[in-house]
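Novice: predicted coordinates and the sequence they were generated for:
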Amino acid sequence: MRRKDREITDDLQIDGIIRRCHCCRLGFNDNGEVYIVPLNFGFVKNGGRRYFYFHGANAGRKYDLMLGGCDVGFELDCGYELHIADSPCGYSAAFSSVIGTGHAVIITDPEEKAAGLRSLMKQAAGMESCEFTPEELASVCIFRLEIEKISCKVHL
């Protein structure tokens with residue numbers, strides 16, 4: 001990171017920024033073409049490792065790219081605020097952002113699918129507990145992103 005003065009390395013601060021975000025953009029490599037998808041997500045930390053959960057259809061481009069697992073890049077941001085100045089070159093913005101890479105896999109285990117959906121509902125809607133029928137779980141694709149590299153930047 002070029003601006004070390006804006007880098008956040010404290011795990012609790014990084015987790016707090018992640019919890020304030022509402023959209024995670026995933027970047028896939030589709031045979032040399034970049035494919036970026038904005039998604040709702042759930043965040044789980046287990047044994048010091050971070051995981052994101054996502055949901056989607058059981059078919060389509062994203063699903064096809066994840067069959068067998070794939071490496072992806074991700075980006076989250078929050079707290080954007082434009083700082084106005086007297087001249088265009090004086091403008092700046094406040095923000096918090098998290099970027100990184102990881103490995104995405106489709107989840108087939110019904111218990112983990114339900115846990116992934118619960119984490120998503122907690123992140124997106126603040127719901128602490130949800131139950132899902134077997135039919136609901138079968139109707140949706142849940143995938144987990146195992147975060148391998150992460151960096152965080154804050155500019156106030």
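Specialist: Happy to help now that I have it.
Novice: buried residues, stretch 48-59. List them.
Specialist: Under the neighbour-count criterion of 16 or more other CB atoms under 10 Å, stretch 48-59 has Arg50, Tyr51, Phe52, Tyr53, Phe54, His55, Gly56 buried. Every C-beta, even on glycine, is put in place using the N, C-alpha and C of the backbone.
Novice: quick one: low-confidence ranges for the chain?
Specialist: Applying pLDDT under 70 to the chain flags the ranges 1.
Novice: A helix includes Gly16, no?
Specialist: Yes. Judged by DSSP: H, G, I helix; E, B strand; the rest coil, Gly16 forms part of a helix.
Novice: longest helix of this protein, counting residues only.
Specialist: For the chain, the longest helix by residue count, based on DSSP state H, is helix 110-125.
Novice: so what does that helix touch, helix or strand wise?
Specialist: When contacts are defined as 3 or more CB pairs under 8 Å, 6 or more residues apart in numbering; DSSP states H and E, helix 110-125 packs onto strand 42-46, strand 49-56, helix 134-138, strand 141-155.
Novice: straight-line length of stretch 29-36, end to end?
Specialist: Counting by CA to CA, to the nearest Å, you get 9 Å between the two ends of stretch 29-36.
Novice: now do stretch 17-34
Specialist: End-to-end for stretch 17-34, by CA to CA: 26 Å.
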